[in-house]
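In: My questions are about this predicted structure, shown below with the sequence.
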Amino acid sequence: MKSLRFQIRGTVQGVGFRPWVYRIAHEMELKGFVRNTSHGVCVEIEGPKTKVDNFAYLLKTRPPAHCNFTQFQETDIALHGYHEFEILDSQGDDQHDALVLPDLATCPECFKEIFDKNNRRYLYPFTNCIHCGPRYSIIEALPYDRVNTSMKNFTMCDKCKNEYSDPLNRRFHAQPNACPDCGPQVALWDSQGNMVASALETLPAAARLIKQGAIIAVKSLGGFHLMADALNDDAIALLRQRKARPDKPMAVMMTSLRMAAHYCHLTHWDAKTLQSAQAPIVLVEKRDKGLKVSLQVSFDNPYIGCMLPSMPLHHILMRMVNGPVVATSGNLSEEPICIDNDEALKRLNGIADFFLVHDRPIVRHVDDSIIQIICEEPCILRRARGYAPLPIEINKNCDGILATGGHLKNTIALGLGTSVVISQHIGDLNTKDSCVAFEKTIDSLKSLYNAPVTKIVCDSHPDYASSRYARKFGPDTLEVQHHHAHVASCMAERGITKEVLGICWDGTGHGEDGTIWGGEFLISDGIYSHRIAHLDLFPLPGSEQAIKEPRRSALGLLYGLCDGNWQEFEDLPAVKAFRSHELFVIGQMIKQKINIPMTSSMGRLFDGVASLIGICHRSSYEGQAAMALEFLVSDNFTPNPYPYKIVPSGHQKNAWAIKWDSIVSGIIKDIRSACDPAYISTRFHHTLIEIILDMSRLSKENQIVLTGGCFQNKWLIEEAVKRLKQDGFTPYWQSQVPPNDGGISLGQMFVAARRQENVSGNTRKD
């Protein structure tokens, strides 16, 4: 006879792990128990040695879907003399480090039930089981029991209780378990909050209104969506006007994968990701021929943000609409997504014509995740529903550390042992509401895990809202330079601890020398970094105003060639985009260095080139100009790169500068030769690849990390990875966390953990 105890941590609660253990133990005729704890799951098993060993093997190697172990501790214990195998009540204590599962899309079994006329859950919008449904968006505390969720006020009927209590039922301890008799209900309101329809009439009425051109605010899993007919130009144009979102692409929800394939070209990876339990938005190519959604959805963008229904409410509504529907976040541009019915009625009034609401409270906002397939693997561009708050394991002690992330696309990270729990996407911290959501998310994660914060780490920028929050913590606040955090984020995700060349290209980040960085080459071991090269500096007229006006970046580049004599370039689209008096004022500003920061930003170089060739002078959303430039790249051209020089930096000792002046001169020459803008863009992109290769060779490093917002450019990163591999380098890029500022918090955490482990007491600056 043998007896073992297993202490298991990871995503083991809310995934059907305990009933699976129960079934295996009963099949093997073993005795003992399984129960949830504040740390994960505890199992005690006893019986014949051979059977116990077989049980241990199955436990380690064949857990249920969605189950993931971060710690598996097996201990021999004395025989207890159990008479049966039981599932015991949960056991809690003051320390909570069990991991919370994200919200999961409707599973195939539940999908069948909601469209089975003979099933008691027929057309019920809140059908779920242990394999699917809300988790993170409804949990209030650990352990994950119904009393600790927003379902606590819905008392289960006898039929649901029987399912919930039966270890052999797939709804055993499914905490959101409910049915039409005892669970949440939907209703349709007009813009004043008056009831328009309820119960079974709600979704058919909403579907009719969408087909008639109305804009509906729909309460989903983690917040409200704004929905409109994706084939109706007028409806989408009106939605754009009301939402103050004139250009940024909008996501489209399709009824099924078959419908998505009618409108989009789907690769194997696209289809697999769309149908995954995470059900993210996937950036997929539009079809050139056949059915097309409204041009208003994404204009000239060759991609559509495509998504499939992620909850029964969506499945039912979409089947009734029977066509593609725009499903964009329920907010004004740059505001947090609405999660409360009354809040939505107030904040979305004037945007939505009607409100499809329900009475299941959402505990925390969770946006849709966004994925793009890069190098034949899903890469997260926005990490939220379906992925947050799954941890990243860094194998370094980070317990008690809080990382506050960046300013744009903010996420925060909390250290639990050697795991980093990264919050859902919070967004840009430009508004009061966004900052409130940021602080609420921090408080929510700390409370959920009952995790005292002993150290806090932030971006070194003096004015970021996230950094100001961190500095309130005290003198122990650790500041990490923005681009070092980017590189460290990729290193943490990929498990790299040896020195790398980090190529970090983005729009902006506070540099150690007071300039705006963004075209950086850093040698880093994850603990510290030093800059070995950068894009040569150029002036940024109007500072932050230049982010919204790529034409200003273009003038900053041209000034270096003409010293403010704009007449030399009055034939160029970027110069034509200004009035003469504006050109004079900007010239004087640059000469007198008034509100003219210097920058090495690759993102601003992209902006400047886009304006030079006349495709984007003003941006209404971040990255608009760079995306327009990317989408012009064509395999029909195989041009030679523009000439450039790598010279000793005039701004930093022992560093190189990549001179851009001959690149811009070459672009101007091609513009004046009436070259196709697609040719110029392709040539520019090929030039960047050569710069990456040249600097990789100069660095004498084999491991090359590609990170930063510019590496959301699919062509750029795939071509860079291919060419680096051909040259014998080992390239790394990001997949589980975004390469943009959504991954900054992980990088900050990694730096803090590595310094804590390796250089305790060292006061060296980053």
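Out: Perfect, I can see it now. Numbers count the residues shown, from 1 in each chain.
In: what residues does the helix or strand of the chain with the lowest mean pLDDT touch?
Out: Least confident element among the helices and strands of the chain, by mean pLDDT, DSSP states H and E: strand 68-76 (a mean of 88). With Cβ atoms under 8 Å, 6 or more residues apart in numbering as the test, strand 68-76 has contacts from 2-12, 40, 56, 60, 63, 99, 390-391, 393, 417-419. (Glycine included, C-beta is placed from N, CA and C.)
In: quick one: buried residues of that strand?
Out: Going by neighbour count (16 or more other Cβ atoms under 10 Å), the buried part of strand 68-76 is Phe69, Thr70, Phe72.
In: so can I have CSV of the residues you listed showing distance to Met602?
Out: Shown next, in CSV, are the buried residues of strand 68-76 (distance: Cβ to Cβ, whole Å):
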residue, distance to Met602
Phe69, 40
Thr70, 36
Phe72, 43
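In: Asp116: which of the residues you listed is nearest?
Out: Closest approach to Asp116 among these (Cβ to Cβ): Phe69, at 35.2 Å.
In: Relative to Cys504, how far out is the residue lying closest to Gly623 once chain neighbours are set aside?
Out: Excluding its sequence neighbours, the residue lying closest to Gly623 (Cβ to Cβ, 6 or more residues apart in numbering) is Gly709, at 6.8 Å. As defined by Cβ to Cβ, to the nearest Å, Gly709 lies at a distance of 9 Å from Cys504.
In: isn't the residue nearest to Gly623 right next to Gly603, touching?
Out: Yes. Judged on Cβ atoms under 8 Å, Gly709 makes contact with Gly603 at a distance of 6.3 Å.
In: spatially speaking, which residue is in the middle of the chain?
Out: Central residue check for the chain by Cα atoms, centre = their mean: the C-alpha nearest the mean position is that of Arg382, 1.8 Å away.
In: so who does it touch?
Out: Per Cβ under 8 Å, 6+ apart, neighbours of Arg382: Ile281, Asp367, Asp368, Ser369, Ile370, Lys409, His425, Pro738, Gly742.
In: Of those residues, which belong to strands?
Out: Using DSSP state E, the subset of those located in strands is Ile281, Ile370.
In: quick one: which of the contacts of Arg382 is most hemmed in?
Out: The most neighbours of any of the contacts of Arg382, using other Cβ atoms under 10 Å, belong to Gly742, which has 30 neighbours.
In: Identify the residue spatially nearest to it, adjacent ones excluded.
Out: Closest to Gly742 by Cβ to Cβ, 6+ apart is Lys409, at 4.4 Å.
In: Quick check: mean pLDDT of the helix or strand His581 falls within?
Out: Secondary structure assignment for His581, by DSSP states H and E: helix 580-592. The average pLDDT for helix 580-592 rounds to 93.
In: Now do it: which elements does it pack against?
Out: If you count contacts as 3 or more Cβ pairs under 8 Å, 6 or more residues apart in numbering; DSSP states H and E, helix 580-592 packs onto helix 550-562.
In: what is the orientation angle of the helix it packs on with helix 580-592?
Out: 60 degrees (axes from the mean of the first three to the mean of the last three Cα atoms, to 10 degrees).
In: And helix 550-562, what's buried?
Out: Neighbour-count burial for helix 550-562 [16+ other Cβ under 10 Å]: Pro550, Arg551, Arg552, Ser553, Ala554, Leu555, Gly556, Leu557, Leu558, Tyr559, Gly560.
In: and the second one, what does it touch?
Out: This points to Arg551. Ala574, Ala577, Phe578, Ser611, His617, Arg618.
In: Give me the buried subset of these.
Out: Ala574, Ala577, Phe578, Ser611, His617.
In: got those residues as TSV, with secondary structure columns?
Out: Shown next, in TSV, are the buried ones among the contacts of Arg551 (DSSP: H, G, I helix; E, B strand; the rest coil):
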residue	secondary structure
Ala574	helix
Ala577	coil
Phe578	coil
Ser611	helix
His617	coil
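In: For these, work out which two are farthest apart.
Out: It's Phe578 and Ser611 that sit farthest apart of the buried ones among the contacts of Arg551, by Cβ to Cβ, at 10.4 Å.
In: domain parsing for the protein?
Out: 2-87, 186-358, 383-492+741-758, 516-525+532-732 (automatic domain parsing).
In: quick one, which of those is nearest to Pro134?
Out: domain 186-358 (5.6 Å).
In: Show me which residues of stretch 253-265 are buried.
Out: Met253, Met254, Thr255, Met259, Ala260, Ala261, Tyr263, Cys264.
In: pretty sure Arg9 is in a strand, no?
Out: Yes. The assignment for Arg9 by three-state DSSP puts it in a strand.
In: and Ala235, which of the three is it?
Out: helix.
In: Show the model's pLDDT score for it.
Out: The model's pLDDT for Ala235 equals 98.
In: ok, now which ones touch it?
Out: With the criterion set at Cβ under 8 Å, 6+ apart, Ala235 makes contact with Gly213, Ala214, Ile215, Ala228, Asp229.
In: hmm, 10 Å instead?
Out: 210-215, 227-229, 294, 296, 326, 353 (Cβ atoms under 10 Å, 6 or more residues apart in numbering).
In: among these, which are in helices?
Out: Residues from those lying in helices, with DSSP state H as the criterion: Ile210, Lys211.
In: Which of the contacts of Ala235 fall within strands?
Out: Per DSSP E, the subset of these in strands is Met227, Ala228, Asp229, Val326.
In: Which two among those residues are spaced furthest apart?
Out: Once Cβ to Cβ is applied, the ones in strands among the contacts of Ala235 give Met227 and Asp229 as the farthest pair, at 8.5 Å.
In: So Ile380: helix, strand or coil?
Out: Criterion first, three-state DSSP; result for Ile380: strand.
In: could you pull out the helices for the stretch 601-750 of the chain?
Out: 602-612, 624-630, 661-672, 677-699, 714-726, 744-758 (DSSP state H, counting those that start in this stretch).
In: Could you double-check that Leu291 sits in contact with Ile304?
Out: No. Here Leu291 does not reach Ile304: they are 11.7 Å apart, not a contact under Cβ atoms under 10 Å.
In: Looking at the two, which has the bigger crowd around it?
Out: A direct count of neighbours by other Cβ under 10 Å for Leu291 and Ile304 places Ile304 higher, at 28 against 13.
In: Report the separation between the more buried one and Ser276.
Out: 18 Å.
In: Just the buried positions in the helix holding His581, please.
Out: Leu583, Ile586, Gly587, Met589, Ile590.
In: next one: stretch 42-51
Out: Buried positions in stretch 42-51, judged by neighbour count with 16+ other Cβ under 10 Å: Cys42, Val43, Glu44, Ile45, Glu46, Gly47, Lys51.
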